[in-house]
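Undergrad: coords please:
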Amino acid sequence: MGILYVTEQGAFLTKAGERIVVRKGDKVLRWVKGNEVSQVIIFGNVGLTTQATAFLLRRGIDVVFLSAGGDYRGRLVTDLGKNVALRKKQFERFSDRDFGLALAREFVRGKVENCLALLRNHNRHHQDEEVASAAHRLRRNLLKVEGASSIEELMGVEGDSARVYFSGFGRCLRGEGFTFTKRTRRPPRDEVNAMLSFGYTLLSSVVSGAVAVTGLDPYFGSFHSEEYGRQSLVLDLMEEFRPVVVDAVVLRVVNRKIVTASDFVRNPESEWLSADDEAEGDGLGPDDFPVLMSYAGRKKFIQAFEARLREKLLYIRYGKRLRLRDIIQEQARLLARAVVGEEEYRSYRMG
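TA: Presented below is the predicted three-dimensional model:
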């Protein structure tokens, strides 16, 4: 089953029989059968009729609400999984220092190894010395991951690895009009950061859906600490897939000129601007405003994102190629089995 993205502002979702219908005024923009959709992602000013809401809940279809720019707002979900015994075991195992640290170490190891793989794959063709240097430092950091004796130490290694990785990642971008020097999140200060932030939001929705299927509690993780309203386990599982899915998509759409600099806008009225920023608004220049993807840019990025999830990659556990979306689900299931002691968790590594 797939994901239905609704980006048309002013549209609304209703139902007709067993179909989900997207309308704008009297015009039908799209319709899909309910049994063909596992998740609906809504951007900005899009409405839901009462009938559509009831239908989605009855079908157990997850609905994610994002701002028009792709910032997470909330979700409409059915009851949390009924497997109370699994969640009790999750709380018990994740509260055990040794188990929690070993699991967190595996999440970080997977992320660093996949960042390294992405840089190496790029450098096979371009032989960039700065990319090679970043890859070398990431290899050294893998040893530090193994030796980390606390979550705090592991977070330090992960943070340093991210800085090193993105210094090399910027050298992999070859599209005209794109520059990238460092990761900036809230707000994204350039076009590449805007795509990364948007992509990670989409990825979190996919991973959240995979975790929900297993019955694990998405709010209790091992690497990311508990914060009210934060899905820490989803963030944990996302780590190994950030370079595999989102970063790979960003490189693809930039280097193949699928997305261009004209697909972005600077927004002087963004919610990301603080009160202090607004108070000093007359002193802000264009480069100080957050960069957002346009409607056309988001549409092209979503298409590339979905195409990546449909790609088949080698899944070593089964010794065969699976769709990337299915690999994410299998990793969530493996995590549930690790919680109950049936298997040891091993992060996904791309070749």
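Undergrad: got a pLDDT number for Asp277?
TA: pLDDT, Asp277: 41.
Undergrad: wait, what's in contact with the nearest residue to Glu240 once chain neighbours are set aside?
TA: Leaving out its chain neighbours, the residue that sits closest to Glu240 by C-beta to C-beta, 6 or more residues apart in numbering is Gly110, at 3.2 Å. All C-beta spots, glycine's among them, are computed from the backbone N, C-alpha and C. Residues near Gly110 by C-beta atoms under 8 Å, 6 or more residues apart in numbering: Glu239, Glu240, Ser347, Tyr348, Arg349.
Undergrad: what about Gly110, which helix or strand?
TA: Element membership of Gly110 [criterion: DSSP states H and E] is helix 97-126.
Undergrad: in that helix, what's buried?
TA: Within helix 97-126, the residues scored as buried using 16 or more other C-beta atoms under 10 Å are 99-101, 103-119, 122-123.
Undergrad: what is the burial count for the residue lying closest to Glu130 once chain neighbours are set aside?
TA: In this structure, Glu130 finds its nearest non-sequential neighbour in Arg171, 5.1 Å apart by C-beta to C-beta, 6+ apart. Using other C-beta atoms under 10 Å, Arg171 is surrounded by 19 other residues.
Undergrad: could you do the one 3 residues further on as well?
TA: By the measure other C-beta under 10 Å, the count of residues near Arg174 is 13.
Undergrad: ok, it to Phe301 distance?
TA: 18 Å (C-beta to C-beta, to the nearest Å).
Undergrad: who's in contact with stretch 246-259?
TA: Counting by C-beta under 8 Å, 6+ apart, stretch 246-259 makes contact with 115, 118, 122, 169, 172-176, 178, 192, 195-196, 199-200, 202-203, 297, 300-301, 304-305, 308, all of which sit outside it.
Undergrad: and for stretch 305-313?
TA: Against stretch 305-313 from outside (C-beta under 8 Å, 6+ apart): 2-3, 199, 202, 206, 244-246, 248-249, 252, 321-325, 327, 350-351.
Undergrad: do stretch 36-49 as well
TA: Contact partners of stretch 36-49, identified using C-beta under 8 Å, 6+ apart, comprise 1-15, 20, 56, 61-70, 76, 202, 205-206, 209, 298.
Undergrad: just the buried ones among these, please.
TA: For the contacts of stretch 36-49, buried by 16+ other C-beta under 10 Å: 3-8, 11-15, 20, 56, 61-66, 69-70, 202, 205-206, 209, 298.
Undergrad: which parts of the stretch 201-350 of the chain are helices?
TA: Using DSSP state H, counting those that start in this stretch, the helices of the stretch 201-350 of the chain run over residues 232-238, 248-255, 275-279, 295-310, 324-339.
Undergrad: which secondary structure elements does the last one contact?
TA: Put plainly, it is helix 324-339. helix 84-95, helix 191-214, helix 232-238, helix 295-310, strand 312-315 (3 or more C-beta pairs under 8 Å, 6 or more residues apart in numbering; DSSP states H and E).
Undergrad: centre of the chain to the third one, how far?
TA: Using C-alpha atoms, centre = their mean, to the nearest Å, the mean C-alpha position of helix 232-238 is found 10 Å from that of the whole chain.
Undergrad: equivalent analysis for the second one, please.
TA: Computed by C-alpha atoms, centre = their mean, the chain-centroid distance of helix 191-214 equals 2 Å.
Undergrad: swap in the shortest one?
TA: Averaging C-alpha coordinates over strand 312-315 and over its chain gives two centres that are 19 Å apart (C-alpha atoms, centre = their mean).
Undergrad: how about it: buried residues?
TA: Neighbour-count burial for strand 312-315, with 16+ other C-beta under 10 Å as criterion, is recorded at Tyr315.
Undergrad: ditto for stretch 306-324
TA: Residues Glu306, Arg308, Leu309, Tyr315, Leu322, Leu324 are the ones in stretch 306-324 that count as buried (16+ other C-beta under 10 Å).
Undergrad: tell me the contacts of Lys89?
TA: By C-beta under 8 Å, 6+ apart, the contact list for Lys89 reads Val339, Val340.
Undergrad: quick thing: my sequence starts at 19, can you match it?
TA: Done: numbering now begins at 19, and the last item shifts to Lys107.
Undergrad: how close does it get to Glu361?
TA: Computed as C-beta to C-beta, the Lys107 to Glu361 distance reads 14 Å.
Undergrad: check which residues of stretch 42-49 are buried.
TA: Trp49.
Undergrad: outside of that stretch, which residues touch it?
TA: By C-beta under 8 Å, 6+ apart, stretch 42-49 touches Leu22, Glu26, Gly28, Ala29, Phe30, Ala34, Arg37, Ile38, Val39, Val40, Arg41.
Undergrad: just the CA coordinates of it, formatted as PDB?
TA: In PDB, the C-alpha atoms belonging to stretch 42-49 read as follows (Å, rounded to 0.1, in the frame of the first residue of the first chain):
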ATOM      1  CA  LYS A  42     -11.300  21.400  -4.700                       C
ATOM      2  CA  GLY A  43     -14.600  23.200  -5.100                       C
ATOM      3  CA  ASP A  44     -16.700  21.000  -7.400                       C
ATOM      4  CA  LYS A  45     -13.600  19.500  -9.100                       C
ATOM      5  CA  VAL A  46     -12.300  16.000  -8.200                       C
ATOM      6  CA  LEU A  47      -8.500  16.200  -8.200                       C
ATOM      7  CA  ARG A  48      -7.800  12.600  -7.400                       C
ATOM      8  CA  TRP A  49      -9.400   9.500  -5.800                       C
END
